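Student: Just to be clear, the model below is a prediction. Sequence and coordinates:
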Amino acid sequence: SQQGEEDPQALSIQEGENATMNCSYKTSINNLQWYRQNSGRGLVHLILIRSNEREKHSGRLRVTLDTSKKSSSLLITASRAADTASYFCAMLNQAGTALIFGKGTTLSVSS
Amino acid sequence: NAGVTQTPKFQVLKTGQSMTLQCAQDMNHNSMYWYRQDPGMGLRLIYYSASEGTTDKGEVPNGYNVSRLNKREFSLRLESAAPSQTSVYFCASTEGLLNTEAFFGQGTRLTVV
């Protein structure tokens, strides 16, 4: 079974608004990663947050990690139409041998 | 700087036919992965190779075989294609397993009729 689960499944916002998506997981992790997938393309790595970190920033992206709640959130500030994509969280499987992904959040940003 | 290259990009097979999906990376990564992506299902791990010479089953390995030909190449074979294998297949690689980002190919869209 998959380790991570994103919420919401779909999100529609206007340009300029902030977008927040969440990821919950079941077991302890070493790190958690977020990826973006544009339609018809492969996944692209956005940010990695380690288990001893609580918050990390990269440009307009802000990721938080709460290991006590086994959850992470990805915030995209001042969204643009180009941010329209699916976003996935990822982490190692329980055996620690392979990277597994959640089902993703589909973000639609309209101008 | 090609990264991860998958071939072919598109393929249509008849039920029962076989084919091999090719994947190569030029980043000297140790670990390679094959995923399938279906609508509403996210990415599901088929097989992975943590290092050259090793392969292991993922979440949905039935109907597939893999070969880690060398450090660069990791192929996925469908011996007898079934309509349930219609999907988009992604190859990915990572330098190691811990604290490393994955690099993805552009995908192979496979239709089995």
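Tutor: That came through, no problem. Residues are numbered from 1 along each chain as shown, chains lettered A, B, ... in the order given.
Student: Contacts only, for residue A:28.
Tutor: Taking C-beta atoms under 8 Å, 6 or more residues apart in numbering or on different chains, we find residue A:28 in contact with A:51, A:67. The way it works is simple: take the backbone N, C-alpha and C, and place the C-beta from them, glycine included.
Student: can you tell if stretch A:29-36 touches chain B?
Tutor: Yes. Stretch A:29-36 is in contact with chain B by C-beta under 8 Å from any C-beta of the partner chain, via A:30-31, A:33, A:35.
Student: Tell me which residues of that stretch come out buried.
Tutor: By 16 or more other C-beta atoms under 10 Å in any protein chain shown, the buried positions in stretch A:29-36 come out as A:29, A:31-36.
Student: Residue B:112: which of those residues is nearest?
Tutor: residue A:35 (27.0 Å; C-beta to C-beta).
Student: Next up, phi/psi of residue A:82, please.
Tutor: phi -70, psi -10 (degrees, to the nearest 10).
Student: Contacts only, for the residue nearest to it when sequence neighbours are not counted.
Tutor: Spatially, and ignoring its direct neighbours in sequence, residue A:82 is nearest to residue A:109 (7.9 Å; C-beta to C-beta, 6 or more residues apart in numbering or on different chains). By C-beta under 8 Å, 6+ apart, the residues touching residue A:109 are A:12-15, A:17, A:19, A:79-84.
Student: Show the buried residues in those residues.
Tutor: Applying 16+ other C-beta under 10 Å to the contacts of residue A:109 flags A:13, A:19, A:79, A:83-84 as buried.
Student: Distance of residue A:110 relative to chain B?
Tutor: Noted for residue A:110: a distance of 22 Å to chain B, by C-beta to the nearest C-beta, to the nearest Å.
Student: Let me see the confidence value for the closest residue to that residue other than its chain neighbours.
Tutor: Leaving aside its chain neighbours, residue A:110 sits nearest to residue A:14 (5.9 Å; criterion: C-beta to C-beta, 6+ apart). Looking at residue A:14, its pLDDT is 97.
Student: how about low-confidence regions in chain A?
Tutor: Low-confidence segments of chain A (pLDDT under 70): A:1-3.
Student: which residues of it fall in strands?
Tutor: With strands called from DSSP state E, chain A shows them at A:4-7, A:10-14, A:19-25, A:31-37, A:43-50, A:55-58, A:61-66, A:71-76, A:85-92, A:99-101, A:105-110.
Student: now the second one: how far from the chain's centre is it?
Tutor: Here strand A:10-14 is found 15 Å from its chain centre; the criterion is C-alpha atoms, centre = their mean, to the nearest Å.
Student: same thing with the fourth one?
Tutor: Taking C-alpha atoms, centre = their mean, the mean C-alpha location of strand A:31-37 is offset from the chain mean by 5 Å.
Student: Please apply the same query to the shortest one.
Tutor: The chain centroid and the centroid of strand A:99-101 are separated by 12 Å, computed with C-alpha atoms, centre = their mean.
Student: residues in contact with the residue most central in space within chain B?
Tutor: Nearest to the mean C-alpha position of chain B, by C-alpha atoms, centre = their mean, lies residue B:34 at 2.8 Å. Residues in contact with residue B:34, defined by C-beta under 8 Å, 6+ apart, are B:21, B:23, B:45-48, B:58, B:64, B:66, B:74, B:76, B:89-91.
Student: which one of those sits closest to residue A:59?
Tutor: residue B:90 (25.0 Å).
Student: Pretty sure that closest one sits against residue A:43.
Tutor: Yes. Contact status for residue B:90 versus residue A:43: in contact at 7.2 Å, counting by C-beta atoms under 8 Å.
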